[in-house]
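1. test case, fold it:
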Amino acid sequence: MTATSLAGGRILRIRRRTRTAAGSRPPRQRGDSSRSFLITLIAVLVVAAFLSPLLRSVAYSVKSIDQITQAHSPLYPADPVTFNFNGKDLPVYNVPLPDGTMRQLAIVEALRRQSTFVDPQDPTAAPIVWQGSWRTLEPVWQFAPHWENFGKVWDLIDYPRLLLNTVIIALISTIGTLISCTLVAYGFARFRFPGRSFLFTLLIATIFLPAAVTIIPTYTIFQRMGWVGTWLPLLVPAFFANAYDVFLMRQYFMTIPTDLDEAAAIDGAGPFRTLISVVLPQAWPVIVAVAVFHLVYSWNDFFGPLIYTAGKVDLQTVALGLQRFNGIYYREPGLIQAGTLMTLVIPVIAFLLTQRFFTRGIVITGVEK
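-> Just a heads-up that it's a prediction; the model follows:
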């Protein structure tokens, strides 16, 4: 057997293996594609189910009370189409004709077994007599949003004043939370002192303490200090840190190498200078995450302003203003939904602008060191 025949046999076997492998790829690829499509479909359905209440709220916010109570009205804001005939506004329906076509006709005379229609396109033509119950016909709808709902809410509840109060409280408390939580988290992440582990465990344990347990003692303290009826109970506690944000920031600070701190110390930087010049420039993701967390919490806070600003309408926030508005205009859900959406705008914009930093800060804080 020659070398040429051996080489030819090897080439033939390699070709067969290649063809076999190539023939086995398409089913596997089809299986992977099917699984990918199924997972994507399930994700889309879950997201659609999650967002359906929000979409319904958006639709209701631009509807009038008549559109909401109208029978068989579509989900989107719409009014029934009418046609003026001999000085009367006649409703228009989708009417199936004997020839199998569907036409939009205005009803002139509605009877139980037969009705008379006119064609809006040619009102001078002979009326059309249709056999059947007109109640089974589907009316014709036209898109008619009522954007004035937002303007009504803006004026009825003095929305600019409520918005200004909410922004002031949210911004000041967010600044206080960032300053206090940064200092506490930096101390737990970088300094070694007796009882550090015990104190940190005690701090984390306060997360499990129900807020209802501290309501009465806290209110009593603020009342004796004369702070009830002011913004101080809503602002001052933010400057004393909280366990949840401290935990997030500490976990992130521990992912930053301590070699950078040592290099800064060699250059003569103290602990505070190291925090400002070394740690914080690398900790923007967690800072943004904590800021967004607290901003949303303060923006949506209802119980705190309800307790400490009760009876002070000029000091109340959007959450309290909407609750008071809902009690007065409960018969107009369109206005209620419009006010709710107006309240969501600023938190949603803040999240969209900081989404990249926010996501990175949440992911990295879960990394152990």
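2. from here on, just use CA atoms for contacts and neighbour counts.
-> Noted.
3. which parts of the protein are strands?
-> Per DSSP state E, the chain carries strands over the ranges 78-80, 82-85, 88-96, 102-110, 114-118, 128-131, 138-139, 141-143.
4. okay if I get the ones you listed as CSV plus mean pLDDT?
-> As requested, the strands of the chain are exported to CSV (pLDDT from 0 to 100):
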stretch, mean pLDDT
strand 78-80, 90
strand 82-85, 90
strand 88-96, 91
strand 102-110, 90
strand 114-118, 90
strand 128-131, 89
strand 138-139, 90
strand 141-143, 91
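5. TSV for the ones you listed, including distance to residue 42 and mean neighbour count?
-> Below are these laid out as TSV (distance: least, Cα to Cα, whole Å; neighbours: other Cα atoms under 10 Å):
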stretch	distance to residue 42	mean neighbour count
strand 78-80	31	19
strand 82-85	42	16
strand 88-96	36	18
strand 102-110	37	19
strand 114-118	47	19
strand 128-131	46	16
strand 138-139	33	18
strand 141-143	31	14
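6. redo those strands as JSON lines? Include distance to residue 258.
-> Listed next are the strands of the chain as JSON lines, based on distance: least, Cα to Cα, whole Å:
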{"stretch": "strand 78-80", "distance to residue 258": "63"}
{"stretch": "strand 82-85", "distance to residue 258": "75"}
{"stretch": "strand 88-96", "distance to residue 258": "74"}
{"stretch": "strand 102-110", "distance to residue 258": "76"}
{"stretch": "strand 114-118", "distance to residue 258": "84"}
{"stretch": "strand 128-131", "distance to residue 258": "86"}
{"stretch": "strand 138-139", "distance to residue 258": "72"}
{"stretch": "strand 141-143", "distance to residue 258": "62"}
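7. among those strands, which is nearest residue 72?
-> Nearest to residue 72 among the strands of the chain is strand 138-139; the distance by Cα to Cα comes to 8.5 Å.
8. which residues sit against the closest one?
-> Under the contact criterion Cα atoms under 8 Å, 6 or more residues apart in numbering, strand 138-139 has outside partners 80-81, 91-95.
9. how much space between the spatially closest residue to residue 318 that is not a sequence neighbour and residue 319?
-> Excluding the flanking residues, the one nearest residue 318 by Cα to Cα, 6 or more residues apart in numbering is residue 162, at 5.0 Å. From residue 162 over to residue 319 the distance is 9 Å, taken as Cα to Cα, to the nearest Å.
10. what do you get for residue 303?
-> According to Cα to Cα, residue 303 stands 9 Å off from residue 319.
11. these two: which has the busier surroundings?
-> Neighbours were counted for residue 303 and for residue 319 using other Cα atoms under 10 Å; residue 319 has more, 22 against 10.
12. that one and residue 300 touch, don't they?
-> Yes: between residue 319 and residue 300 there is a contact at 6.5 Å, judged by Cα atoms under 8 Å.
13. low-confidence regions, the stretch 151-300 of the chain specifically.
-> The stretch 151-300 of the chain contains no residues with pLDDT under 70.
14. how about the helices in it?
-> Counting by DSSP state H, counting those that start in this stretch, residue ranges of the helices within the stretch 151-300 of the chain are 159-190, 196-205, 211-224, 232-235, 243-253, 258-266, 271-274, 280-282, 284-300.
15. take these and lay them out in CSV including mean neighbour count.
-> Listed next are the helices of the stretch 151-300 of the chain as CSV, based on neighbours: other Cα atoms under 10 Å:
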stretch, mean neighbour count
helix 159-190, 19
helix 196-205, 13
helix 211-224, 11
helix 232-235, 19
helix 243-253, 22
helix 258-266, 14
helix 271-274, 15
helix 280-282, 13
helix 284-300, 21
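16. so can I have TSV of the ones you listed showing distance to residue 309?
-> Shown next, in TSV, are the helices of the stretch 151-300 of the chain (distance: least, Cα to Cα, whole Å):
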stretch	distance to residue 309
helix 159-190	11
helix 196-205	29
helix 211-224	12
helix 232-235	10
helix 243-253	26
helix 258-266	45
helix 271-274	37
helix 280-282	36
helix 284-300	15
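17. closest one to residue 44 among those helices?
-> Residue 44 lies closest to helix 284-300 among the helices of the stretch 151-300 of the chain, at 26.2 Å (Cα to Cα).
18. which residues sit against stretch 320-340?
-> Stretch 320-340 is contacted by residues 57-58, 60-65, 149-150, 152-154, 157, 162, 302, 305-306 when judged by Cα under 8 Å, 6+ apart.
19. which among those end up buried?
-> Those of these that meet the buried threshold are 57-58, 60-64, 149-150, 153-154, 157, 162, 302, 305, by 16 or more other Cα atoms under 10 Å.
20. no more questions from me, cheers.
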